[in-house]
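Peer 1: Sharing a sequence plus its predicted fold:
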Amino acid sequence: MTQTIRTRFCPSPTGYLHVGGIRTALFAWLLARQNNGQFILRIEDTDQKREVAGSTDHIIKSLHALGLDYDEGPDIGGKYGPYTQSERLDIYKKWAQKLIDKGRAYADPYTPEEVRAFREEDQKAKRPFLYRNHIHKEPPLWDGSQPLRFKSYPKIYEMDETFEDAVMGKLSIGTETIDDFILIKSDGYPTYNFAHIIDDAEMEISHVIRGQEFLASIPNYLNLYDALDIKRPVIATMPHILGLGGNKKLSKRDGAKDVLDYVREGYLPEALINFMATLGWNDGTEKEIFSVSELIKDFSLNRIQKSGAQFDEQRLLWMSGYHIRETPVDKLMKCTEGFWPDEAQDTDPKYKIQVLELVKERLKFFAELPELTMFFFTDLPVDLSLIQNNKQLKKYDIHHLHMLLKQSKESLEQSDFTVADLTLRLNQLLEQTGEKPGVLFSLIRIATTQSPSSPGLADTMAVLGKDRCMERIANQLESMK
RNA sequence: GGUCCCGUCGUCUAACGGUUAGGACACCAGGUUUUCAUCCUGGCAACAGGGGUUCGACUCCCCUCGGGAUCACCA
């Protein structure tokens, strides 16, 4: 019988989630869903100073927006709860006591200033800071007011020098990184280093998927697993997503955007997920476009890239547009709710569908909807600069253009405004006037839309309708006199 | 400085030790007899460097160089 796959995502409530963070969540989620396992959300709020109010809600919202549903979590509970670390303090104390009883934990009597002095001393000597080199000769009994430190056995790993990481492969371990790190801080809260190990064990997590920043700490964790007699989970270390330029990891500090912002700007969750998944992962073929269900089917930890991948907004834009184009209009309609221009508020949904049909192939994300569709819903004022800035029209005399448009108007007035008839008439006008399409059609386009570009002219006019078009052409003629 | 990880077009990447090193994004050119977009065609562009091992190396080993992570009472 194989073990149930249980993965987790453990953000600390210090703000929003950016693409890098949520990609880690995505991979953990994929692994769980692929194996009919569970995906757990745990909030790691052991540093009260850094806590940002509202973060947990924000994080939950972000996961929800992308469809990364979890089976257990702070808001929905579960049999291994609570799922917020600050509510699990007694559990950590219990485990800490085990360590003390075994002689594997001791009180640190130094003040923070004294520890800092040790550190500076080591730095000056160009050697890594290791607390275990500064151990107090007679550590006092731990009364909860001092930090509790782990008594590490660094030598153990000299015998067993490699460790397998599901992504990074075999890692070698230097004893120099194993230290007597702090288990419980003087404020009574555990450190991440301690709490996550306890929680993962108690919650029966099978796979720990996390970012590269923890790579160097793994030896410490191995040491602690051993001391606690905990069977270690599969560890998978993800490379970082790099910011533009590729020389630093994506971070809020450097302007990494909140994933929820992408959702608010109208990127499809499916596109966002496709983008994040293929940033550092591939299925071994040349396939680039994946649906969520395909991802669940094909995902594997061992095909995650070991090197960091640069965040490429261009690629996201392309992928977003691609997914929009692939989505049927009726489904797309639901997604566009809230993105239409205000002027479209009271418009018949049927009309909106027609508009959407016309603009969907040029849409990258839904926030572009207003600027692309405004003229379908309201009469924009005549803007003569559109003619002056048009590279075909600017060469022409305004009277000539006036005459052209007038002639067009006379023909279009006879039209029933079906696409077929409009196309026919437009082509006839081309012959009659002897003008190039770039000239004549640009002129009519500007008159009927007051925009430099639009979907196909006949299509656009058909959707706009005869009354609207004729009125707009009349207005244009008026202001060109 | 110690420890550790990584290194294929500008970017994301593919390639049982045997390929003209492939695809995608971006960019450029042309086409789809109107614009923008889509779509199609074509183009530009990479194995960090040096040594080995091998009949043969992007692929295995070593060194160098380059990039990154980490060395907190943060996670």
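Peer 2: Arrived safely.

Peer 1: could you point out which element follows the helix or strand hosting A:Phe163?
Peer 2: A:Phe163 is located in strand A:162-165, with elements delineated by DSSP states H and E. Downstream of strand A:162-165, the first helix or strand assigned by DSSP H and E is strand A:169-172.

Peer 1: Tell me the strands beside that following strand, with direction?
Peer 2: Strand A:169-172 has the following sheet partners, assigned by DSSP bridges: strand A:162-165 (antiparallel).

Peer 1: Not counting its own residues, what contacts the strand it pairs with?
Peer 2: By Cβ atoms under 8 Å, 6 or more residues apart in numbering, the surrounding residues in contact with strand A:162-165 are A:170-173, A:218-219, A:222, A:235-237. Using the backbone N, CA and C atoms, a C-beta is placed for each residue, glycine as well.

Peer 1: Put together JSON lines for those residues, with neighbour count, pLDDT and distance to RNA strand B on each row.
Peer 2: Shown next, in JSON lines, are those (neighbours: other Cβ atoms under 10 Å; pLDDT from 0 to 100; distance: Cβ to the nearest atom of the strand, whole Å):
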{"residue": "A:Lys170", "neighbour count": "9", "pLDDT": "86", "distance to RNA strand B": "7"}
{"residue": "A:Leu171", "neighbour count": "15", "pLDDT": "85", "distance to RNA strand B": "5"}
{"residue": "A:Ser172", "neighbour count": "9", "pLDDT": "80", "distance to RNA strand B": "4"}
{"residue": "A:Ile173", "neighbour count": "20", "pLDDT": "75", "distance to RNA strand B": "6"}
{"residue": "A:Ile218", "neighbour count": "20", "pLDDT": "91", "distance to RNA strand B": "8"}
{"residue": "A:Pro219", "neighbour count": "23", "pLDDT": "89", "distance to RNA strand B": "8"}
{"residue": "A:Leu222", "neighbour count": "18", "pLDDT": "91", "distance to RNA strand B": "13"}
{"residue": "A:Ile235", "neighbour count": "21", "pLDDT": "94", "distance to RNA strand B": "13"}
{"residue": "A:Ala236", "neighbour count": "21", "pLDDT": "95", "distance to RNA strand B": "13"}
{"residue": "A:Thr237", "neighbour count": "21", "pLDDT": "94", "distance to RNA strand B": "8"}
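
Peer 1: Quick one: the strands in the stretch 1-150 of chain A, in order.
Peer 2: Ranges of strands in the stretch 1-150 of chain A, per DSSP state E, counting those that start in this stretch, are A:6-9, A:38-41, A:105-107, A:148-150.

Peer 1: so the residue of chain A positioned farthest from its centre is in which element?
Peer 2: Note on chain A: the largest C-alpha distance from the chain mean falls to A:Gln432, namely 54.5 Å (Cα atoms, centre = their mean). Using DSSP H and E, A:Gln432 falls within helix A:419-433.

Peer 1: now A:Thr373
Peer 2: Secondary structure from DSSP H and E places A:Thr373 in helix A:369-377.

Peer 1: Show me how far the following helix or strand past that helix is from its chain's centre.
Peer 2: Using DSSP H and E, the helix or strand that follows helix A:369-377 towards the C-terminus is helix A:385-388. Centroid separation for helix A:385-388 versus its chain: 40 Å, with Cα atoms, centre = their mean, to the nearest Å.

Peer 1: ok, now stretch A:356-374?
Peer 2: In terms of Cα atoms, centre = their mean, the centre of stretch A:356-374 is set 22 Å apart from its chain centre.

Peer 1: Is that stretch in proximity to RNA strand B?
Peer 2: Yes: judged by Cβ under 7 Å from any atom of the strand, stretch A:356-374 and RNA strand B are in contact via A:361-362.
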